[in-house]
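attaching a predicted model along with its sequence, questions to come.
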Amino acid sequence: MLQVDGIEAGYGPVKVLYGVGFDVREGEVLCLLGRNGAGKTTTLKTIMGLVPPEAGTVTLAGEVISALPAHEVPGRGIGYVPQGRRLFSDLTVAENLEVGLMTRGKGKSTREHVLEMFPRLRERLTQRAGTLSGGEQQMLATARALCLEPRVLLLDEPTEGLQPSMIQLIRETVETMRAEGVAVILVEQRIEAVLSLADRVAFIENGRSREIVTATELRADDTLLRKYVGV
Amino acid sequence: MVVGAVPRLLPGVVGFAEEICITLQAWSFGAATRLRFQTLTGNDPGMEFGPHLLLAVLEGAVGAAVLALTALGLSLVFGVMRVVNVAHGEFYMLGAVVAWFVASVIAGHPALGFVAALVIAPLAAAVVAMVADRLVLKPVAYDPEATIVGTIGILYILQQAALMWFGPEARPVEPPFNHRIALPWYDWAAGEWFYPWGLSTTSYKLFVIAAAVVILLAFWAVLTRSRIGLIMRATQLDRETALAFGIPVGRVYSLVFGLGAGLAALAAVLIVPIQQAHYLMGGDPLLLSFIVVIIGGLGSVRGTVVAALLIGMSDGIISVFLSPTLSKILATLLVALVLVFRPQGLFGTRAA
């Protein structure tokens, strides 16, 4: 579904990615693992076109999307749940969802479907997003991305700072997406969550892709975890 | 272009001379008020404080109405684009100058020319602003410091272009209607009630106030209820996330810069029958808009409107009773106090 080939990117003179490549298939959860500063978030931003790649390509279902202007990338069907949620804090819950719906021109039925997945948001529709609790904000950030009816879903540390019940909800959401055939790329720090949820794991070190292994292999042998994450 | 424009100016000048009421307003409206104030005190040294205050409040309200529109444009551009538009006053001037051109080209009742100017002048200013956005602001990637220098450049280009094509004269636009409206105020003197001479306003001034209120409400409705308003607010709150949800931020920036300039031009069209078009007229509205936007809170619509009322009204009232210079001094002092004690402005939220 989504293929990343040898992307190199950075912020101005500071280069962060020196060659990252992987692919993720329909109905698959791929986890990006690596230490802080390895380039996981930058990789997601490069896929979204928010950081322009200096080299390499991103291909979505056969179309090279890394050459598109950034605002046309999400319209191809990529939903993005950024690190730190990045809600439009002064907009209401309903307005945040509306921004998501506008991206691919989705309407009422999508909105209903998303609100059924997160019933709590329905009670908060007129509330300003900035006044929600941390867990509700994460729900909204996820719901906003699902409003695109994405083919590919990018989640950047979605469980950071959440209580266990919320982590469970996010996890169930990812599983639902996988069952619906969405390709999911997940950046996650908690190893046990990665091992239980991921189908495959791609390691990133110092802006370079390292081994890509199945979660099954990783569960059997934690050498790679020790090497790249240090646990 | 100048040669062609002069004969078209003549009928306007003749029509202008016919109405004494407008002649008074050939001065800046502050000056007109002072003139009337002196006449009043000359006739009746014992006149009450009340009538003066009423006049001053009305003049202040006209100033506040126009200022609210102008400052809103500046505030919108800063809020969404984080661009300090130093050329904002020149878009105001451009609106007035275009209004004069349109009004002098269109024959017939002055209302025709005025209504045409009301549509054409803001559009023209918006188009110029959008071109400036593409040619100047976009190439420097909206860098906060580079855009200040860039808009200073735009300021001089527009000002000098106006001097070349419009000339150094102040030129009037005839108001679409201008009835003298006597104010319901009677004074008690020498044992009887009398009606003080000259205590009046004009229907056009009341129209300016009403029009500004309608435009502000429409703007508010567009910003809070429409899809384009949602897009602008989302872009203002988080540019990068807006991009990640397919909002064409570059186009939104162009649109917002055009809209900001259009608001300034619209304000100028409203004021030009009272104040005349002149190529240097952009300075005062720029200064006052900055004062308003700083006091109200950068990027806050509500704060901008409230601060425009505060500054516009106090400018009108202090100018009438004391002096226009003092009113500017006090406004600037207020800015200093706000910056010291509440840097985010009265209604602004603390920068993240």
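Received, thanks.

around chain B, pick out the residues from chain A.
Taking Cβ under 8 Å from any Cβ of the partner chain as the measure of proximity, chain A contacts chain B at A:48-50, A:69-75, A:80, A:82, A:86-91, A:95, A:98-100, A:102-104, A:144, A:148. Any C-beta I mention is one placed from the backbone N, CA and C, and that applies to glycine too.

and B:G345, what's its pLDDT?
pLDDT for B:G345: 82.

run through the helices of chain A in chain order.
Assignment of helices within chain A using DSSP state H yields the ranges A:40-48, A:93-103, A:108-117, A:119-123, A:134-146, A:164-179, A:191-197, A:215-220, A:223-228.

residue in chain A nearest to chain B?
The minimum distance from chain A to chain B, using Cβ to the nearest Cβ, falls at A:T103 (3.9 Å).

that residue: how many residues sit nearby?
Residues contacting A:T103 under the criterion other Cβ atoms under 10 Å in any protein chain shown number 24.

surely it is in contact with A:L148?
Yes - judged on Cβ atoms under 8 Å, A:T103 makes contact with A:L148 at a distance of 5.1 Å.

mutual contacts of these two, please.
A:74, B:245 (Cβ atoms under 8 Å, 6 or more residues apart in numbering or on different chains).

quick check, B:W100 in a strand?
No - assessed with DSSP: H, G, I helix; E, B strand; the rest coil, B:W100 is helix; it does not lie in a strand.

for it, list the residues it contacts.
Applying Cβ under 8 Å, 6+ apart, the residues contacting B:W100 are B:117, B:166, B:171-173, B:272, B:277.

and if we set it to 6 Å?
Applying Cβ atoms under 6 Å, 6 or more residues apart in numbering or on different chains to B:W100 gives the contacts B:171, B:173, B:277.

just curious, which of the residues you listed is nearest to chain A?
B:A277 (38.4 Å).

low pLDDT regions in chain B?
Residue ranges of chain B with pLDDT under 70: B:1-48, B:184-190, B:192-199, B:349-352.

now do the helices in it.
Secondary structure of chain B (DSSP H): helices at B:2-18, B:20-25, B:29-43, B:49-81, B:88-105, B:110-132, B:144-166, B:203-225, B:227-237, B:239-244, B:249-275, B:283-296, B:301-321, B:324-341.

re the thing from before, can I get the helices of chain A in a markdown table with mean pLDDT?
Converted to a markdown table, the helices of chain A look like this (pLDDT from 0 to 100):
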| stretch | mean pLDDT |
| --- | --- |
| helix A:40-48 | 95 |
| helix A:93-103 | 96 |
| helix A:108-117 | 94 |
| helix A:119-123 | 94 |
| helix A:134-146 | 94 |
| helix A:164-179 | 92 |
| helix A:191-197 | 85 |
| helix A:215-220 | 88 |
| helix A:223-228 | 84 |
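
which one of those lies closest to B:A221?
helix A:93-103 (15.1 Å; Cβ to Cβ).

hmm, who's touching that closest one?
Applying Cβ under 6 Å, 6+ apart, the set of residues contacting helix A:93-103 from outside is A:74, A:87-88, A:121, A:124-125, A:127, A:129, A:140, A:144, A:147-148, B:230, B:234, B:245-246.

of those residues - the most surrounded one?
Using other Cβ under 10 Å as the neighbour criterion, A:R144 leads the contacts of helix A:93-103 with 30 neighbours.

mind checking which of the residues of chain A next to chain B are buried?
With burial judged by 16 or more other Cβ atoms under 10 Å in any protein chain shown, the buried subset of those is A:48-50, A:70-71, A:73-75, A:80, A:82, A:86-89, A:91, A:95, A:98-100, A:102-104, A:144, A:148.

in chain B, what residue comes closest to chain A?
Closest point on chain B to chain A, by Cβ to the nearest Cβ, is B:G246, at 3.9 Å.

before we move on, back to that, for the contacts of B:W100, which one is nearest A:L30?
Proximity of the contacts of B:W100 to A:L30 (Cβ to Cβ) peaks at B:A277, which lies at 63.7 Å.

look at the closest one and say how many residues are nearby.
Applying other Cβ under 10 Å, I find that B:A277 has 27 neighbouring residues.

in contact with it, which residues?
B:A277 touches B:96-97, B:100, B:171, counting by Cβ under 6 Å, 6+ apart.

out of those residues, which is most surrounded?
Neighbour counts for those, by other Cβ under 10 Å, peak at B:A96, which reaches 32 neighbours.

list the residues that contact it.
Contact partners of B:A96, counting by Cβ under 6 Å, 6+ apart, are B:268, B:272, B:277.
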